[in-house]
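Participant: need a structure here:
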Amino acid sequence: MSDKPTNDDFLRQADPMRRELLAHCYRMMGSVHDAEDLVQETYLRAWRAYDGFEGRSSLRTWMYRIATTTCLTALESRGRRPLPTGLGAPSAEATAPLARDDEVPWLEPVPDSLVGAGASGPAGDPATIVTARESIRLALIAALQHLPPRQRAVLVLRDVLKWKAAEVAEAVGVSTAAVNSILQRARAQLNEAAPSLDDPVEPLTEEQRALLDRYVAAFENYDVDDLVHLFTKDAVWEMPPFTGWYQGPETIAQLTRTQCPAQRAGDLKLVPVAANGQPAFAVYLREDGGYRQFAIMVLTLAGGAVGHVGMFFEEGLFETFELPATLPAEASAAK
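Facilitator: Numbering: from 1, shown residues only. So this is what the prediction gives:
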């Protein structure tokens, strides 16, 4: 009887890795849709090559090598995925006309459910480590997009997956010395723009839960005056594909008054979701007696206030989050 591995062996062993590989590709690409495509390509390449897998590394390590190579190849022909703050322009005036740019490949949020963010597991379980909330935070993913692809890969493999330098060198095709040099440059650039990978993401406090309840109520009741008090003094609001970004509670409130199509209580409905290991909401806008999909809103909290809001208007995201495109009017029943 032959001990040669079979494709059935591959499928049985590799399929449980799908979510963590999706998280890896998302960190590299900044797009859940690109990540899903590249995970599929990774599995196809691995399946075709599995007869030659000799077991000199674990199957997980082998799969990550293939996924990393697949991402680096894809990035040769694709630009980075920014948020509006990453375009280099100063903050915008709230009353200025909105400028929309659908040609920019914008950063996308990812549903926690797709990458296992926050999933519990035994300490040291690789699947738990690689899907930790700390490594898919929106600010971190945005900062990774500013790194050249190879720097991005080295930093993710070393600092997220905790690979040894020699393993990273083999995966990205450089020397161990080059890995250490690349990592040093990547860390220096990342530290200027993103939270540390070592910063823990703590469970929401009661104060923060109350803040989120108040935030939802302010939008659903169109209480813009209360909204002002929920942000930090330097809070940032951005909403791709619109290129502007806005800073400060008063500016955000003015933006809501002048640019938001909602004009009165009941025009908006916020449904809690989970994205990037952070609080998030699916926002629906009243239309024709019901509600239609409007945007996915991802919040970054700073203590007892909201420090950043990313509001993503790509309609395909509702399908990604497995959300209905419309809600009936009764879904807005007063609390």
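Participant: chain center to stretch 95-108, what's the gap?
Facilitator: Stretch 95-108 sits 18 Å away from the centroid of its parent chain (C-alpha atoms, centre = their mean, to the nearest Å).
Participant: pull the helix or strand with minimum mean pLDDT from the protein.
Facilitator: Ranking every helix and strand in the chain by mean pLDDT, DSSP states H and E puts helix 126-130 at the bottom, with a mean of 48.
Participant: Tell me where the stretch 151-300 of the chain has helices.
Facilitator: Counting by DSSP state H, counting those that start in this stretch, the segments of the stretch 151-300 of the chain that form helices are 165-172, 176-191, 206-220, 224-227, 249-259.
Participant: Take the ones you listed and write them to CSV, including mean neighbour count and mean pLDDT.
Facilitator: For the C-beta atoms, the positions are set from N, CA and C on the backbone; glycine is no exception. Output for the helices of the stretch 151-300 of the chain, formatted as CSV (neighbours: other C-beta atoms under 10 Å; pLDDT from 0 to 100):
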stretch, mean neighbour count, mean pLDDT
helix 165-172, 19, 95
helix 176-191, 16, 94
helix 206-220, 16, 97
helix 224-227, 15, 95
helix 249-259, 18, 97
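Participant: what's the closest of these to Pro97?
Facilitator: Among the helices of the stretch 151-300 of the chain, helix 249-259 comes nearest to Pro97, with 9.0 Å by C-beta to C-beta.
Participant: Check which helices and strands that closest one sits against.
Facilitator: Helix 249-259 makes packing contacts with helix 224-227, strand 231-238 when contacts are defined by 3 or more C-beta pairs under 8 Å, 6 or more residues apart in numbering; DSSP states H and E.
Participant: quick one: buried residues of the last one?
Facilitator: Judged by neighbour count (16 or more other C-beta atoms under 10 Å), strand 231-238 contains these buried residues: 231-232, 235-238.
Participant: which one of these sits closest to Leu75?
Facilitator: Nearest to Leu75 among those, counting by C-beta to C-beta, is Glu238 at 23.3 Å.
Participant: What sits closest to the spatially most central residue of the chain if chain neighbours are left out?
Facilitator: In the chain, the C-alpha nearest the mean C-alpha coordinate belongs to Pro109, at 3.8 Å (C-alpha atoms, centre = their mean). In this structure, Pro109 finds its nearest non-sequential neighbour in Ala275, 4.3 Å apart by C-beta to C-beta, 6 or more residues apart in numbering.
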